[in-house]
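Enquirer: Show me how the following folds:
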Amino acid sequence: MKKAFVTLFSAPKSFTNPHVAMIQRNAIKSWTLLPDVEVILLGEEQGLAETAREFGVKHIPNVERNADGVPLISSMFKLARENSNSDLLCIINADMILMPDFVEAAMDSRSLLLGKRQQAVGLQNFVLLSQRWDLDVHQPIEFTEGWQDRLRSTVHGQGQLHRPAGSDFFLFPLSTFQEIPDFTIGRAGWDNWMIYKARAENWAVIDCTPSMMIVHQNHDYSHLPDAKPHYDHPDTNENIRLAGGQANIRYTLLDSTHQLVGDKLIRPKLTSARFTRKFELFLRTIFFFLPENVIENIARPKRWQKKLKKLFK
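Expert: Presented below is the predicted three-dimensional model:
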């Protein structure tokens, strides 16, 4: 069997909701059209096994779950490692549409890293991520010739580039992220921890936003209890605890070490947002001895601004 360049793995939601089913089918279909890519779908959600068979991709049902039956990130990583035939893995949300520039960016990044005095030690540890484009999608995508160009045109006309917080995929070598806490998928915090972990280990964190377009198909939160966003869910608090506290879930694309621009890896420009983030990390380093809630208020002054606004309303 030919070795795939990268293995995508994901734990889709149930296919019972018509809109969720449609956007997940759009996403999975786009993955199967990528060159040199293997796809693994994880979980026992209704309709998942049938969808995997339809698209001819691997399906692994026995994912470990929390007390509420939600898949654990640690189990997903373990199963992907055990069942992949690639040197690169990529965890991705099941509502994300990918195009060939995704694979091209991954190939370029790896090649450039290997060229930076890494030949002697092999593949340098790194993680790839990017900002997403948010788009309302109300019907199945017709994956006929030229579909990527049509989608790009729609995104530029109707979509919106998401702010550099919250990541929907992480692509990394098999040698990295060997130990993952029992985070719950679909809740906040775990994705920020991935960036924190990479920075703590001195791995390259590569922002590929200038070199790829990934499309997030907008949806509501009807699949969650009380239809509340994931950051309002109790499991998010557990994710934060497992991540080691609030400071470790503050990491975003503003903490990337490199950007892939064309055929070059460059250092990100020091924008006002990046400067503010660096200053926050500086303050956290200085006041490390204080309680976490005190550090939060010192390092994130916007919290005080919000409190003052409420007081003087």
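
Enquirer: Distance from stretch 31-45 to the middle of the chain?
Expert: 15 Å (Cα atoms, centre = their mean, to the nearest Å).

Enquirer: what do you get for stretch 86-93?
Expert: On Cα atoms, centre = their mean, the centre of stretch 86-93 falls 10 Å from that of its chain.

Enquirer: export that stretch as PDB, just CAs?
Expert: Presented in PDB, the C-alpha positions along stretch 86-93 are these (Å, rounded to 0.1, in the frame of the first residue of the first chain):
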ATOM      1  CA  SER A  86       1.800   8.500   7.100                       C
ATOM      2  CA  ASP A  87       4.700  10.400   8.800                       C
ATOM      3  CA  LEU A  88       2.400  13.400   9.200                       C
ATOM      4  CA  LEU A  89      -0.900  13.600  11.100                       C
ATOM      5  CA  CYS A  90      -3.600  16.200  11.000                       C
ATOM      6  CA  ILE A  91      -6.500  16.500  13.400                       C
ATOM      7  CA  ILE A  92      -9.200  18.600  11.700                       C
ATOM      8  CA  ASN A  93     -12.800  19.600  12.500                       C
END
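
Enquirer: helices and strands of the chain: which one bottoms out on pLDDT?
Expert: helix 302-311 (a mean of 50; mean pLDDT, DSSP states H and E).

Enquirer: quick check, residue 143 in a helix?
Expert: No. Under DSSP: H, G, I helix; E, B strand; the rest coil, residue 143 sits outside any helix and is assigned coil.

Enquirer: Not counting residues beside it along the chain, what's closest to it?
Expert: Leaving aside its chain neighbours, residue 143 sits nearest to residue 29 (5.8 Å; criterion: Cβ to Cβ, 6 or more residues apart in numbering). Where C-beta positions appear, they are placed from N, C-alpha and C, glycine not excepted.

Enquirer: That neighbour against residue 147, yeah?
Expert: No. With contact defined as Cβ atoms under 8 Å, residue 29 does not reach residue 147; the gap is 9.9 Å.

Enquirer: tell me, what's touching these two both at once?
Expert: residue 141 (Cβ atoms under 8 Å, 6 or more residues apart in numbering).

Enquirer: give me phi/psi at residue 206?
Expert: As for residue 206, its main-chain torsions (degrees, to the nearest 10) stand at phi -110, psi 120.

Enquirer: And for residue 204?
Expert: phi -70, psi 130.

Enquirer: Look up phi and psi at the nearest residue to it once chain neighbours are set aside.
Expert: Spatial nearest neighbour of residue 204, chain neighbours left out: residue 126 (3.9 Å); criterion: Cβ to Cβ, 6+ apart. Note on residue 126: its backbone torsions stand at phi -160, psi 170 [degrees, to the nearest 10].

Enquirer: who's in contact with residue 126?
Expert: Contacts of residue 126 (Cβ under 8 Å, 6+ apart): 109-110, 113, 172-173, 176, 198, 203-206.

Enquirer: Distance of residue 98 relative to residue 70?
Expert: For residue 98, the distance to residue 70 (Cβ to Cβ, to the nearest Å) stands at 24 Å.

Enquirer: the more surrounded of these two?
Expert: The residue with more neighbours, out of residue 98 and residue 70, is residue 98; 22 against 17, by other Cβ atoms under 10 Å.

Enquirer: Name the nearest residue to that one, sequence neighbours excluded.
Expert: residue 30 (5.2 Å).

Enquirer: Ramachandran angles for residue 60?
Expert: Torsion angles at residue 60 (phi, psi; degrees, to the nearest 10) stand at phi -120, psi 110.

Enquirer: Now do the contacts for it.
Expert: Contacts for residue 60 (Cβ under 8 Å, 6+ apart) come out as 40-42, 79, 83.

Enquirer: Would you write a PyMOL line that selects the buried entries of these?
Expert: Written as a PyMOL command, the selection of buried residues from the contacts of residue 60, which uses 16 or more other Cβ atoms under 10 Å, is:
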select buried, resi 40+41+42+79
